[in-house]
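K.L.:
heads up, no residue letters with this:
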């Protein structure tokens, strides 16, 4: 399976073909360009893990590829490796001064060539991981306990106020009163959920001590699930049902309550989001001491092949703009499952798709 993707810029057809075959044999997907103009057009729409560039293409006047890459916010971190011939050392030094990371001299040794490319890809991955960890540490620092409290506490107050306002006498005659309360309640809930997800994202992707992932004893998951489900039942329109819930609860579960809330919320939310409104999503919870199985199955308007491996934070899950694509929420569920040793799956079956999490005794 090809796991890396690089851009090769070389005007000699034979060299391009030979290097492409060598790279593909080592599971490195290669896109080729004959010169800098064609390469720049590709870079306008695509990203690559590494750029392998003939020296003459890197230095081509107004279409100087090195200048374009190293002064572009999208590509400046992409390593550039120069292909040069003996006797071009002075020009190679100029390319290195402009930002190229390495060079390979012709005639090319296959073993040395692949070793250089792989080492540069490994360095790229390491630096990317360092950057991600640094960014997440900054996010975690921003979304610390105090900051969370400053946002979540007032949001909880707003949500509770809508429930209280619902019980006031004499409001039945006010046209649109309940609908307005519902809008306020749902908006507050979604803001609360986003804040919690951002905080959890930062927490899970920062180097943590074991004490930062807290568990709780004796959680009744039935109660947690009904609390979450209540956010999706339209309480301001006479309890309109949106879910078909089945629960088997035998004893309590020992694990992080916040993680359980996030799992229930995100799987239910995404099931409702992509559901054919003619059918209620089916929610099943089987909870036993030390473990639980939770799943949500919905019916889609058409068959879609979802892929759990493709879930990424802050990105649309697919290109169908008629849906508000899957992103941070399911990524958080996936990250929680990886952290805790749970099993997360998305199982398509025709026009049905099941989101599921299986959790055994927490591995903290």
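P.N.:
Structure received. Predicted model, so just to flag it, every value in this text is computed and none were measured.
K.L.:
now whichever strand or helix holds residue 32, how far from the chain's geometric center?
P.N.:
Secondary structure assigned from DSSP states H and E places residue 32 in strand 28-33. Distance of strand 28-33 from its chain centroid, counting by Cα atoms, centre = their mean, to the nearest Å, is 26 Å.
K.L.:
for stretch 242-255, same thing?
P.N.:
Worked out by Cα atoms, centre = their mean, stretch 242-255 lies 27 Å from the chain centre.
K.L.:
quick one: residue 260 and residue 224 touch, right?
P.N.:
Yes. Counting by Cβ atoms under 8 Å, residue 224 is a contact partner of residue 260 at 5.4 Å. In short, each C-beta sits where N, CA and C put it, glycine included.
K.L.:
Looking at those two, which one has more neighbours?
P.N.:
Counted by other Cβ atoms under 10 Å, residue 260 and residue 224 do not tie: residue 260 has more neighbours, with 23 against 20.
K.L.:
Before we go further, the more buried one is sitting in a helix, right?
P.N.:
Yes. Assessed with DSSP: H, G, I helix; E, B strand; the rest coil, residue 260 lies in a helix.
K.L.:
Could you measure from it over to residue 252?
P.N.:
Separation of residue 260 from residue 252 (Cβ to Cβ, to the nearest Å): 12 Å.
K.L.:
Check the contact lists of these two and give me the overlap.
P.N.:
By Cβ atoms under 8 Å, 6 or more residues apart in numbering, residue 260 and residue 252 have these common neighbours: residue 219.
K.L.:
Now do the helices in the stretch 51-200 of the chain.
P.N.:
For the stretch 51-200 of the chain, the helices defined by DSSP state H, counting those that start in this stretch cover 55-58, 65-70, 89-97, 110-142, 145-166, 177-204.
K.L.:
Bridge partners for residue 354, pull those for me.
P.N.:
Per DSSP bridges, the residues bridged to residue 354 are residue 297, residue 347.
K.L.:
my guess is it meets residue 295, correct?
P.N.:
Yes. With contact defined as Cβ under 8 Å, residue 354 counts as touching residue 295 (5.5 Å).
K.L.:
Need the contact partners of the lowest-mean-pLDDT helix or strand in the chain.
P.N.:
One helix or strand of the chain scores below all others by mean pLDDT, DSSP states H and E: strand 216-219, with a mean of 75. With contact meaning Cβ under 8 Å, 6+ apart, strand 216-219 is reached by 252, 253, 254, 255, 256, 257, 260.
K.L.:
cool, stretch 256-270 as well?
P.N.:
193, 196-197, 200, 213-216, 219, 221, 224-225, 227-229, 231-232, 243, 253, 281, 283, 294-296, 326, 329-330, 332-333, 336, 340, 355-357, 362.
K.L.:
chain center to that stretch: distance?
P.N.:
That offset, for stretch 256-270, works out to 16 Å (Cα atoms, centre = their mean).
K.L.:
Now it: buried residues?
P.N.:
For stretch 256-270, burial by neighbour count (16 or more other Cβ atoms under 10 Å) applies to 256, 258-270.
K.L.:
Tell me the one of those residues nearest residue 24?
P.N.:
Distance to residue 24 across the buried residues of stretch 256-270 (Cβ to Cβ) is lowest for residue 270, with 36.7 Å.
K.L.:
any idea how far that closest one is from residue 231?
P.N.:
14 Å.
K.L.:
Check residue 176 too.
P.N.:
Taking Cβ to Cβ, one finds residue 176 at 21 Å from residue 231.
K.L.:
Over to residue 65?
P.N.:
Distance from residue 65 to residue 231, counting by Cβ to Cβ: 52 Å.
K.L.:
neighbour count winner among these two?
P.N.:
Neighbours were tallied for residue 65 and for residue 231 using other Cβ under 10 Å; the higher tally belongs to residue 65 (27 against 18).
K.L.:
re earlier: in the sheet, which strands lie alongside the strand holding residue 32, parallel or antiparallel?
P.N.:
strand 4-9 (parallel).
K.L.:
who touches the strand it pairs with?
P.N.:
With Cβ under 8 Å, 6+ apart, strand 4-9 has contacts from 16, 19-20, 23, 27-36, 38-39, 42-43, 46, 48-54, 57-58, 65, 117, 121.
K.L.:
could you flag which of those residues are buried?
P.N.:
16, 19-20, 23, 28, 30, 32-33, 35-36, 39, 43, 48-54, 57-58, 65, 117, 121.
K.L.:
ok, back up a step: output the buried residues of stretch 256-270 as JSON lines; include the columns pLDDT and distance to residue 135.
P.N.:
Putting these into JSON lines (pLDDT from 0 to 100; distance: Cβ to Cβ, whole Å) gives the following:
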{"residue": "256", "pLDDT": "82", "distance to residue 135": "24"}
{"residue": "258", "pLDDT": "84", "distance to residue 135": "22"}
{"residue": "259", "pLDDT": "87", "distance to residue 135": "22"}
{"residue": "260", "pLDDT": "90", "distance to residue 135": "27"}
{"residue": "261", "pLDDT": "89", "distance to residue 135": "25"}
{"residue": "262", "pLDDT": "90", "distance to residue 135": "21"}
{"residue": "263", "pLDDT": "92", "distance to residue 135": "25"}
{"residue": "264", "pLDDT": "92", "distance to residue 135": "28"}
{"residue": "265", "pLDDT": "90", "distance to residue 135": "25"}
{"residue": "266", "pLDDT": "88", "distance to residue 135": "22"}
{"residue": "267", "pLDDT": "90", "distance to residue 135": "27"}
{"residue": "268", "pLDDT": "89", "distance to residue 135": "29"}
{"residue": "269", "pLDDT": "85", "distance to residue 135": "25"}
{"residue": "270", "pLDDT": "80", "distance to residue 135": "25"}
